[in-house]
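1. Build the 3D model from these lines:
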Amino acid sequence: MKRSLLLLLLVGAAATTKAQPGFENLDINPGLGSASPMYINAFGKKVYCYANNGTTGRELFWADSMTKPKLTDNLNTGNSNAISVGYSKPSIGVGNKFYFTATNGASGEEIFSFDGTNAPSLVWDVDLGGGSSSPDNYTEQNNTLYFRASTPANGYELWQYDITNKLAKRLTDIRSGSDSSLTGDVLYYKNNIIFTANDGTNGNELWSYNILTQQAQMISDIDTGAADSDPKNLTIIDGKVYFSANEKHTGRELYEYDGIDLPKRVTDIDTGFTSGVYLAPGVGFIKFNNLIYFAGRYQNRVHLYSYNPATKVAKLEHKINPNGNSNPQHFAIYKGRLFFAADDGANGLELWAYDGTNAPTLMADLCPGANGSMPAGLVAIGDDLYFSATDCKSSGSELFRYNAKLAGIRTTLFDGSATFYPNPIPRNLKIELNLVRDEELRIRIADISGQTIYDTDVVPYPRGKSKIDVPMKNLPAGGYIYYIQNKDSTTYLTGKLIKL
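-> Prediction:
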């Protein structure tokens, strides 16, 4: 094997920062300014987000695999924002139009639509005049939008907008008068709109509105009395609604609702009063490889957990940060793997991927150092994965695009596994391959700046176990990245190493 410890020759020299393969900063606000993309949403072959290009304020932009982000229109003219922060789901694509919440400076924040070509137009002014009804948490069924919106007379209630007949109407007044009742998510499920509401007596609980009978009712008072169970992250998976809720004896845990029986709690990860489901912006539930993944908490540490609906078992999947909180968040399925942001304790929040079998892989260290690039709002469209992040060098918070084909990363791992140990590394590194079939592999290790410090020729490895020793005792402490590649330099597996 040919080995090179080039880093030893480079000590004291200025390191060159190299671009991460496959990642592109779309830089809506050029230079060091932040576009701060938010509410990233996919519709058709386009990705939409609200962002600030530095001159128009926060407006709606779109991009696709061939087009850099483009401004749809400066709705709220000048440098004024078209939408405020604090929304959950202020946009949705239906038919051939993209519906979103915004203000043109005259109507308040109301429902607008964009057909992909012409300037966006006001669809409906729920709170007539300059007031804002602030429509949010859109869901759709049979060409009808359902959402929560506010008026001075009724507060936040459930509304619908019939796209065909171009009519809007309020559906509920659960808490009569100007007090708001709708407090959270809105979701269509089996001829019902499922949502979180407060009737003034039972706290924030799970409710439904039956589209056929046009009646609203509380599904369950999970945390009985005036206390709030505060259902969050309502998600349909395999025909059932999963969500987290808080109950005074168990804390916040995962619940399951089939539309017939009362919702039932399916986890108690941290037994007793302590919450086992972590609640934070960008943290929800996602199905991957027949399991439901989420951020779980045990003994006050937050890591990647899964729940198996078939066996009804929840388990810790991986501690990306073995000594602290991993804080997994912003999940998306891309190219057969689960992508998310997480913190390994050394690099801050960065982008990771998990195949369900091998250890999660650090996909990029976009912001070198402990601060992290803070990936958020992950959305996959075709061959691209979009998200917001900062590289901490040339720009602020911007829209990024990752393309696995451009990175040369195979979407499935080689047949087998690779173990790198010990990690962190006190002196030298050992690699153990366990292959299902014969493979020709190249193993490369680089420092965070991209400089290669260990490299091998392409070597034939037989089926079964093979061991490799990598001398690292003379290398500086810090982070390193390993790559397992084939003879064409296609990366099969990559991840992070820590040298003590």
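2. Can you tell me how far the most centrally placed residue in the chain is from residue 398?
-> The centre of the chain sits closest to residue 330, judged by Cα atoms, centre = their mean, with a distance of 1.8 Å. According to Cβ to Cβ, to the nearest Å, residue 330 stands 16 Å off from residue 398. From N, CA and C alone the C-beta is placed, and that goes for glycine too.
3. Okay, and the beta partners of the spatially closest residue to residue 87 that is not a sequence neighbour?
-> In space, residue 87 comes closest to residue 136 once its chain neighbours are excluded; the distance is 5.0 Å by Cβ to Cβ, 6 or more residues apart in numbering. In this structure, residue 136 bridges to residue 148 when assessed by DSSP bridges.
4. Am I right that residue 136 is in contact with residue 90?
-> Yes. Between residue 136 and residue 90 there is a contact at 5.4 Å, judged by Cβ atoms under 8 Å.
5. any common contacting residues for the two?
-> residue 101 (Cβ atoms under 8 Å, 6 or more residues apart in numbering).
6. ends of stretch 369-382, how far apart?
-> For stretch 369-382, the first-to-last residue distance is 31 Å (Cα to Cα, to the nearest Å).
7. Residue 278 and residue 370: what is the separation?
-> 21 Å.
8. Can you pick out the residue with more neighbours from the two?
-> Applying other Cβ atoms under 10 Å to residue 278 and residue 370 shows that residue 278 carries more neighbours, namely 21 against 11.
9. Now the more buried one, what are its backbone angles?
-> Main-chain torsions, residue 278, degrees, to the nearest 10: phi -80, psi 130.
10. got the contact list for it?
-> So residue 278 contacts 294-297, 302, 327 (Cβ under 8 Å, 6+ apart).
11. sorry, back to before: tell me which element the residue nearest to the centre of the chain falls in.
-> Residue 330 is part of strand 329-334, with elements assigned from DSSP states H and E.
12. strands paired with the helix or strand just after that strand, and their directions?
-> Using DSSP H and E, the helix or strand that directly follows strand 329-334 along the chain is strand 337-343. Strand 337-343 has the following strand partners under DSSP bridges: strand 329-334 (antiparallel), strand 349-354 (antiparallel).
13. Please work out which of the ones you listed is packed deepest.
-> strand 349-354 (a mean of 24; mean count of other Cβ atoms under 10 Å).
14. Filter the contacts of residue 278 down to the ones in strands?
-> 294-297, 302 (DSSP state E).
15. Those into TSV, with extra columns for neighbour count?
-> Below are those laid out as TSV (neighbours: other Cβ atoms under 10 Å):
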residue	neighbour count
294	28
295	24
296	27
297	20
302	23
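16. From those, pick the one nearest residue 251.
-> residue 297 (8.7 Å; Cβ to Cβ).
17. pretty sure that closest one contacts residue 271?
-> No. Between residue 297 and residue 271 no contact is recorded; they are 12.0 Å apart, counting by Cβ under 8 Å.
18. Is residue 243 in a helix, a strand, or coil?
-> Judged by DSSP: H, G, I helix; E, B strand; the rest coil, the three-state class of residue 243 is strand.
19. follow-up on the earlier one: make TSV from the contacts of residue 278 and add distance to residue 143 to it.
-> Below are those laid out as TSV (distance: Cβ to Cβ, whole Å):
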residue	distance to residue 143
294	32
295	35
296	38
297	41
302	40
327	39
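20. In the residues you listed, find the pair that's most separated.
-> 294 and 327 (12.1 Å).
21. Is the nearest residue to residue 495 once chain neighbours are set aside bridged to anything, and to what?
-> Among residues not flanking residue 495 along the chain, residue 361 sits closest, at 4.8 Å (Cβ to Cβ, 6+ apart). With DSSP bridges as the criterion, residue 361 is bridged to residue 353.
22. what about the strands in the stretch 101-250 of the chain?
-> 110-114, 121-124, 136-141, 144-151, 155-162, 167-170, 182-189, 192-198, 204-210, 215-220, 232-237, 240-247 (DSSP state E, counting those that start in this stretch).
23. Could you give the separation of the fourth one from the chain centroid?
-> In other words, strand 144-151. Put simply, strand 144-151 sits 24 Å off its chain's centre (Cα atoms, centre = their mean, to the nearest Å).
24. For it, report the contacting residues that lie outside it.
-> Under Cβ under 8 Å, 6+ apart, the answer for strand 144-151 is 92, 94, 99, 111, 126-127, 131-140, 156-163, 170-171, 180, 182, 186, 188, 193, 195.
25. Weed out the non-buried ones from these.
-> Buried by 16 or more other Cβ atoms under 10 Å: 92, 94, 99, 111, 126-127, 131-140, 156-161, 163, 171, 180, 182, 186, 188, 193, 195, out of these.
26. and the helix or strand where residue 401 lies, what does it pack onto?
-> Residue 401 belongs to strand 397-403 when elements are defined using DSSP H and E. Strand 397-403 is packed against strand 23-25, strand 58-64, strand 384-390, with contacts defined by 3 or more Cβ pairs under 8 Å, 6 or more residues apart in numbering; DSSP states H and E.
27. and with 6 Å instead?
-> strand 23-25, strand 384-390 (3 or more Cβ pairs under 6 Å, 6 or more residues apart in numbering; DSSP states H and E).
28. what about the very next helix or strand once past that strand, average pLDDT?
-> Going down the chain from strand 397-403, the next helix or strand is helix 404-407, by DSSP H and E. Per-residue pLDDT over helix 404-407 has a mean of 77.
29. which residue sits closest to residue 43, ignoring its sequence neighbours?
-> Residue 43 sits nearest to residue 93 (Cβ to Cβ, 6+ apart), 3.0 Å away.
30. Assign a three-state SS to that neighbour, would you?
-> strand.
31. ok, residue 326 - how many residues close by?
-> Count around residue 326 with other Cβ under 10 Å applied: 25.
32. Tell me which residues touch it, please.
-> 303, 320, 342-343 (Cβ atoms under 6 Å, 6 or more residues apart in numbering).
33. top of these by neighbour count?
-> residue 342 (28 neighbours).
34. Tell me the bridge partners for that residue.
-> As assigned using DSSP bridges, the partners bridged with residue 342 are residue 350.
35. need the contact list for it.
-> Counting by Cβ under 6 Å, 6+ apart, residue 342 has contacts 320, 326, 328, 352.
36. Switch those over to CSV; also include pLDDT and distance to residue 377.
-> Shown next, in CSV, are these (pLDDT from 0 to 100; distance: Cβ to Cβ, whole Å):
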residue, pLDDT, distance to residue 377
320, 95, 20
326, 97, 19
328, 98, 15
352, 96, 15
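37. farthest-separated two in the residues you listed?
-> Maximum distance among those (Cβ to Cβ): 8.9 Å, for 326 and 352.
38. which parts of stretch 71-90 are buried?
-> Quick answer for stretch 71-90 (16+ other Cβ under 10 Å): 72-76, 81-83, 87, 89-90.
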